[in-house]
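Student: Build the 3D model from these lines:
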Amino acid sequence: MTKDRYSRQTLFKHIGPEGQDKIINAHVVIIGMGALGTHLAESLVRAGVGALTIVDRDYIEFSNLQRQTLYTEIDAHEALPKVVAAERHLKAIRQDLHLICHIAHVNRQFLDEHCKNVQLILDATDNFETRQLINDFAFQQRIPWIYGGVVESTYVETAFIPGLTPCFNCLIPQLPVINRTCDTVGVIQPAVGMTTSLQMRDALKVLTKQGIGSKVTYGDLWEGTHFTFGYSKLQRAHCPTCGESPTYPHLNKTKRQFVSLCGRDTVQYENPNISQEMLEAFLVEHQIAYKRNDYLLQFKYKGYRIVSFKNGRMLIHGMIKPDLAIKLMNQLFG
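Tutor: Numbers count the residues shown, from 1 in each chain. This is a model prediction of the structure:
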C-alpha cells in the first residue's frame, strides 16, 4: 500500500490520519450485492476498509448492468454469482483487501457464524423480511447498521446505533412506502448513487467513531425534493427489538424451505440433500437440457426457469406462490 493512497481522504479534517487508521482496521459486512451493494463495496474498498464481508444469494443478469456498477456483460453472459464477479473486480481495485465472499441466503445462522465480530453492517437488500432480521441481530449484538432504500427516483437512508437510536421497527410507521422494489416499479441510477452516498457518509462517521443523530434522509431526485427528520422520540418501551425487555422475534422465526423473493416473481427452495451432482445426473437421465458453470446450474421444467446452487438452494423463476413451488419440486424429484 503506497503511503499517499488515502492522502486526499486524510486531508479531510473530519477523518485525518487517526480516522484513516480506524477505517483500515475495520471489518464491515454488506448484505446484498445488487445496486446498493456494488456501490457501497467499491466505495469502502477505495476508502481503505481493512476487511470486507459480502454476501448475496443471486447471480448476474443483463437487467442488472444498468445500475449494478461492478459488473460487466461478460459477467452476465456467464451468469456468475454476484459475489464471485464482485470479488474479482474489487481485488483489481485493491490487492491488499481482506475480502470474504459468501454465495448464500442470509438467515440467523449466517449472521451468527459470520457477522458477530464486525464494526458495521450495511443493508443493501430490497427485502423487508431480511431487514427485520438484520435489525434484531444488530441490536442484540450491539452492532451499528445502516439502512438504505431506493426505488424509481426516490431514496431513503438512516443509521441505527444500538443504545443510542430507536430501531428499524420503531421507525417503520414513519418511513415512506417501503414495499415497492426496483423489480416492480423500476429504478434510475442517480437515485442509487444518492442513497449510497448517504450510506457511505454515515459509514465513515461510524467507522471513525463520530456521533450520528437519529435522523432519516429521504427525497425524490427526479422531483428535486430532499427532506431530513429526526426520530429519537419514536422509541417504544415495549419494542421487541430495542425496548426495555427485547425478545428479538425475527431471530427466532422457523426457517422455511420455500421463500417468495420480494418483487422477483421467484421462489427460493432449499434442500441441502440435493447436490448438484445428483441434480445433473437426474437431468441427464430424464433428457432435460441444462447449462452450468463452476457455481450454478440452469434448466427449464414445466415452463419455469430454475437455477440451482451448490448448497442445495434453487431459484424458481416465474413463480410467486410457495405452495406451487412445493408441487413443482414434488413433480420434479418425487
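Student: what's the burial count for the closest residue to residue 98 other than its chain neighbours?
Tutor: Leaving aside its chain neighbours, residue 98 sits nearest to residue 51 (4.2 Å; criterion: C-beta to C-beta, 6 or more residues apart in numbering). Bear in mind the C-beta positions are built from the backbone N, C-alpha and C, glycine included. Per other C-beta atoms under 10 Å, the neighbour tally for residue 51 reads 17.
Student: let's number from 17 now, not from 1
Tutor: Sounds good: first residue 17 from here, last item residue 67.
Student: Tell me if I'm right that residue 243 and residue 190 touch.
Tutor: No - using C-beta atoms under 8 Å as the test, residue 243 is too far from residue 190 to be in contact (11.5 Å).
Student: mind showing which ranges of the protein have poor pLDDT?
Tutor: 17-19, 192-200, 270-274, 276-280, 350 (pLDDT under 70).
Student: Report the helix of this protein that spans the greatest number of residues.
Tutor: helix 205-223 (DSSP state H).
Student: what's that helix packed up against?
Tutor: helix 32-40, helix 51-63, strand 136-139, strand 161-167, strand 170-176 (3 or more C-beta pairs under 8 Å, 6 or more residues apart in numbering; DSSP states H and E).
Student: strand partners of the fourth one, parallel vs antiparallel please.
Tutor: In this case it means strand 161-167. strand 136-139 (parallel), strand 170-176 (antiparallel) (DSSP bridges).
Student: now these as a markdown table including distance to residue 80?
Tutor: As requested, the strands paired with strand 161-167 are exported to a markdown table (distance: least, C-beta to C-beta, whole Å):
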| stretch | distance to residue 80 |
| --- | --- |
| strand 136-139 | 18 |
| strand 170-176 | 19 |
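Student: Which residue is the nearest non-sequential neighbour of residue 183?
Tutor: residue 258 (3.9 Å).
Student: Contact partners for residue 166?
Tutor: Applying C-beta atoms under 8 Å, 6 or more residues apart in numbering, we find residue 166 in contact with 51-52, 172, 198, 203, 207-208, 210-211.
Student: go on, residue 132?
Tutor: By C-beta under 8 Å, 6+ apart, the neighbours of residue 132 are 157, 159.
Student: Can you say which helix or strand has it in it?
Tutor: If you go by DSSP states H and E, residue 132 is not part of any helix or strand.
Student: how close does it get to residue 117?
Tutor: To residue 117, residue 132 is 18 Å away according to C-beta to C-beta, to the nearest Å.
Student: what is the orientation angle of the longest helix of the chain with strand 170-176?
Tutor: 10 degrees (axes from the mean of the first three to the mean of the last three C-alpha atoms, to 10 degrees).
Student: Distance check, residue 42 against residue 138.
Tutor: Taking C-beta to C-beta, one finds residue 42 at 12 Å from residue 138.
Student: just residue 188 next, same as before
Tutor: Per C-beta to C-beta, residue 188 is found 19 Å from residue 138.
Student: cool, and residue 236?
Tutor: 23 Å.
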